[in-house]
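Build the 3D model from these lines:
(4 chains)
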Protein chains: 2
Amino acid sequence: MTTPAKARKSVTIKDVARKAGTSIATVSYVFSNAERYLRPELRERVQAAAAEIGYVKNAAASSIKGKRRGILAIVVAQFGNSFFTRMCVEIVSIARQAGYVVTLCNSDEDPEQERIILERLVEQRIDGCILCPALSLEANTELLRRHRIPYVILERSFPDSSMTHNFVGHDNFQSGYLATLQLLAAGHRRIAFSGWDSPIPNVRERVDGYQAALREYGVAVDNELVLTDELSADAGRRMGAQLMASGVSAAVLGHHETAKGALLHFQDHGLRWPEDLSLVMIGTPEWAGVLLPQLTCIERPEHEMAVASAELLLSSIEAPDHPPLSQLFHCTAKEGKSVLARSQLP
Amino acid sequence: MTTPAKARKSVTIKDVARKAGTSIATVSYVFSNAERYLRPELRERVQAAAAEIGYVKNAAASSIKGKRRGILAIVVAQFGNSFFTRMCVEIVSIARQAGYVVTLCNSDEDPEQERIILERLVEQRIDGCILCPALSLEANTELLRRHRIPYVILERSFPDSSMTHNFVGHDNFQSGYLATLQLLAAGHRRIAFSGWDSPIPNVRERVDGYQAALREYGVAVDNELVLTDELSADAGRRMGAQLMASGVSAAVLGHHETAKGALLHFQDHGLRWPEDLSLVMIGTPEWAGVLLPQLTCIERPEHEMAVASAELLLSSIEAPDHPPLSQLFHCTAKEGKSVLARSQLP
DNA sequence: AATCGTTGTGTAAACGTTTCCACAACGAGG
DNA sequence: CCTCGTTGTGGAAACGTTTACACAACGATT
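Next comes the predicted model:
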């Protein structure tokens, strides 16, 4: 009777030591302690033995002796959102250069999912985390703090958070302000705002910026012109219809997801931009590049934000007791063809 | 002189045991061995103690005793490609339900990057991997096989691979065929193909499908009409120009990335579809949803493919010695407004 | 009262690393 | 020839878990 081929045990440091005719300590020094001086001949002999039997060190085992884990995580609330996708790509590549593997997670705007994800990440004893939180902040960052896992809050800020958390995000007030300014400067006075009806402060801040810009131009703020709805293309279509009915000459599309629906509605119903309605959109989704006439977009400095958050995380891993840092980035207007200059009449 | 606050050691199973007045074995049973019977009172006491001092088990430590690691990985060659992004979202969510955390990696079409990534993943002793390989297959899957890490090749197949690898992908021949068929059926006869000039077989197979469809309709294959170029919007623009100059009445846009450039070129130069040129695109990028007139797209069954690859991976983790399985999915045409029916003249 | 299952609990030996520390080998100085 | 630094190497004790196994406690059988 033949014994069934049983799963071969994995190759360990011991096997390498035996093969190279040395001790396990030496092998460990070769792979995990570059400072330690070893006779070059010995070092090479060990490496050759390792290569021959296909040894790769076990990061899990090494981490329980206090070495760093080698894993970072990014937890975002909207993984499909290309703003996050693009930043993730950059963050992952920076992290890899620093020797980390990155776990990407999607909470899908669900704080409960987020909690489950973070618990699993804590189980894995990740070295650090970049978090774009769903809805609320305290509940889940508490978990990270208790386990002394350095983290950076990305893009979504909450009141008073700068004292307790590392933060990288953009100035939502400014993006709302800047968007509105494009339209005001072109002579528009009846300007609507459409956006996501969200409990997170970002949207509210954009509206505040919008209103501040209006006031600066002496335009009365009309709350009827602030439209918000849920985050879907259908909701966007509804708002598109409302915009068409509202009689405004210009609109700020405050969130790309709903903007998509509004634009589809416009196309379906023959509304042309900028002839019939001037538009400025906050954000630069993939499709903004192919849609003509090109929209004027308020662009977030994605690259800088990705670099900043990655570096902030890496440095707070190095210095865990460093006081929290906040970095607020500003947007720039990327001019398209969607704003029509209009005679300056009331 | 005050001692500096040193990093508190992490909470371990021992602390819980001490707090609950029991042994570490019992604590371990509570958290990692659901079958084991324990007095309910004891179980609860342990859980309460753990909650109180904030214990979370260390997955790394538990994995070195042979328990599964709890980490899967997806390595794709084009992370920004929304086809992959959307599948990733689904795979991650299926994996999470099975208790895994998923690491997402981007090789950026670079086999060397891919190797580095896979080596790190092996270091982490991941439980399984879904891989969309850059350029070649053998070099890097060898590493996974040697470490007995179950894997599934996604979307990119290579000759003879079905014997050695698990595979989930779509039938590129069929997608090329189906795209061309839309145009042939509408009466077109001079039909161009534009696509990515890639060493991976996918594109070649699409061209084969395109040519097979032509032959089936008795149309002579003209190699001049097969355009390929690198993967960029600029290359797409070049091909757009070539298409306009070629005098064809219809074209298959064989890859969304170059298609984007071609469409921009068309828009810039006043070429309208379907009036001036009928178009069918293989793939459904985000922007296909907003561009009017809506393109007829050849759609891959993303959802089914995501589910299939996740389940294939999970099941080959359960049964590592199961022979490799290949699943080939078929595309469907999603009709838009970009194909003009044309009188059946030669 | 001695024996025997049951049932529940804890001791201790792994797992694959890292790293402290002891010590071997060796040439130089007495 | 002995001692003493150097310098390089390896023995062995951790790290936080899991789990085989021994055993305590207890009621039921002889």
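
going forward, measure contacts and count neighbours with C-alpha atoms only.
Noted.

Would you mind measuring from the closest residue to DNA strand D within the stretch 201-346 of chain A to chain B?
When you check the stretch 201-346 of chain A against DNA strand D by C-alpha to the nearest atom of the strand, the closest residue turns out to be A:Pro320, at 18.1 Å. Distance of A:Pro320 to chain B, computed by C-alpha to the nearest C-alpha, to the nearest Å: 9 Å.

Double-check that A:Thr228 belongs to a helix.
No. A:Thr228 sits outside any helix when classified using DSSP: H, G, I helix; E, B strand; the rest coil, being strand.

so it touches A:Gly195, yeah?
Yes. Using C-alpha atoms under 8 Å, A:Thr228 is in contact with A:Gly195, at 4.8 Å.

Among the two, which residue is more densely surrounded?
A:Gly195 (27 against 19; other C-alpha atoms under 10 Å in any protein chain shown).

Quick check, A:Val27 in contact with A:Lys19.
No. Applying C-alpha under 8 Å, one finds A:Val27 not in contact with A:Lys19, separated by 10.6 Å.

okay, these two: which has more neighbours?
Each of A:Val27 and A:Lys19 has its neighbours counted (other C-alpha under 10 Å); A:Val27 has more, 25 against 17.

what's near enough to touch A:Ile71?
By C-alpha atoms under 8 Å, 6 or more residues apart in numbering or on different chains, the residues touching A:Ile71 are A:100-103, A:126-128.

got a markdown table for the residues you listed, with neighbour count and secondary structure too?
As requested, the contacts of A:Ile71 are exported to a markdown table (neighbours: other C-alpha atoms under 10 Å in any protein chain shown; DSSP: H, G, I helix; E, B strand; the rest coil):
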| residue | neighbour count | secondary structure |
| --- | --- | --- |
| A:Tyr100 | 21 | coil |
| A:Val101 | 24 | strand |
| A:Val102 | 25 | strand |
| A:Thr103 | 23 | strand |
| A:Ile126 | 22 | coil |
| A:Asp127 | 21 | coil |
| A:Gly128 | 25 | strand |
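
In JSON lines: those, plus distance to A:Thr164 and pLDDT.
Formatted as JSON lines, those follow (distance: C-alpha to C-alpha, whole Å; pLDDT from 0 to 100):
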{"residue": "A:Tyr100", "distance to A:Thr164": "25", "pLDDT": "90"}
{"residue": "A:Val101", "distance to A:Thr164": "26", "pLDDT": "86"}
{"residue": "A:Val102", "distance to A:Thr164": "24", "pLDDT": "89"}
{"residue": "A:Thr103", "distance to A:Thr164": "24", "pLDDT": "88"}
{"residue": "A:Ile126", "distance to A:Thr164": "20", "pLDDT": "92"}
{"residue": "A:Asp127", "distance to A:Thr164": "19", "pLDDT": "93"}
{"residue": "A:Gly128", "distance to A:Thr164": "16", "pLDDT": "95"}
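
From those residues, list the ones also adjacent to DNA strand C.
For DNA strand C, no contacts are drawn from the contacts of A:Ile71 by C-alpha under 7 Å from any atom of the strand.

and which of the residues you listed is nearest B:Ser62?
Using C-alpha to C-alpha, A:Ile126 is the member of the contacts of A:Ile71 that lies nearest B:Ser62, at 14.8 Å.

if you skip the residues just before and after it, what's nearest to the closest one?
A:Ile71 (5.1 Å; C-alpha to C-alpha, 6 or more residues apart in numbering or on different chains).

With A:Ile282 instead?
Nearest residue to A:Ile282, sequence neighbours excluded (C-alpha to C-alpha, 6+ apart): A:Ile298, at 4.6 Å.

State whether that neighbour is indeed within a strand.
Yes. Counting by three-state DSSP, A:Ile298 is located in a strand.

tally of neighbours for it?
25.

Contact partners for it?
By C-alpha under 8 Å, 6+ apart, the contact list for A:Ile298 reads A:175, A:178-179, A:280-284, A:331-334.

what's the spacing between it and A:Leu214?
The gap separating A:Ile298 from A:Leu214 is 17 Å, by C-alpha to C-alpha, to the nearest Å.

Next: A:Asn33.
Taking C-alpha to C-alpha, one finds A:Asn33 at 62 Å from A:Leu214.

Would you mind telling me which of these two has the busier surroundings?
Neighbour count, other C-alpha under 10 Å: between A:Asn33 and A:Leu214, A:Leu214 has more, with 22 against 11.

got a list of what the more buried one touches?
A:Leu214 neighbours (C-alpha under 8 Å, 6+ apart): A:180, A:184, A:220-221.

which one of those residues has the most neighbours?
For the contacts of A:Leu214, neighbours tallied by other C-alpha under 10 Å; top is A:Thr180, 31 neighbours.

Just list the residues touching the closest residue to it other than its chain neighbours, thanks.
Closest residue to A:Thr180 apart from its sequence neighbours, by C-alpha to C-alpha, 6+ apart: A:Tyr210 at 5.5 Å. Residues near A:Tyr210 by C-alpha under 8 Å, 6+ apart: A:173, A:176-180, A:193.

quick one, phi psi at whichever residue of the stretch 151-300 of chain A sits closest to DNA strand D?
Per C-alpha to the nearest atom of the strand, the residue of the stretch 151-300 of chain A with the smallest distance to DNA strand D is A:Tyr151, at 21.1 Å. Torsion angles at A:Tyr151 (phi, psi; degrees, to the nearest 10) stand at phi -150, psi 160.

Verify the stated contact: it with A:Gly128.
Yes. Using C-alpha under 8 Å, A:Tyr151 is in contact with A:Gly128, at 5.5 Å.

list residues touching both of these two?
Contacts common to A:Tyr151 and A:Gly128, judged by C-alpha under 8 Å, 6+ apart, are A:Leu313.

Name the residues of the helix or strand encompassing A:Thr180 that are buried.
Element membership for A:Thr180, per DSSP states H and E: helix A:172-185. Of the residues in helix A:172-185, A:172-184 count as buried by neighbour count, 16 or more other C-alpha atoms under 10 Å in any protein chain shown.
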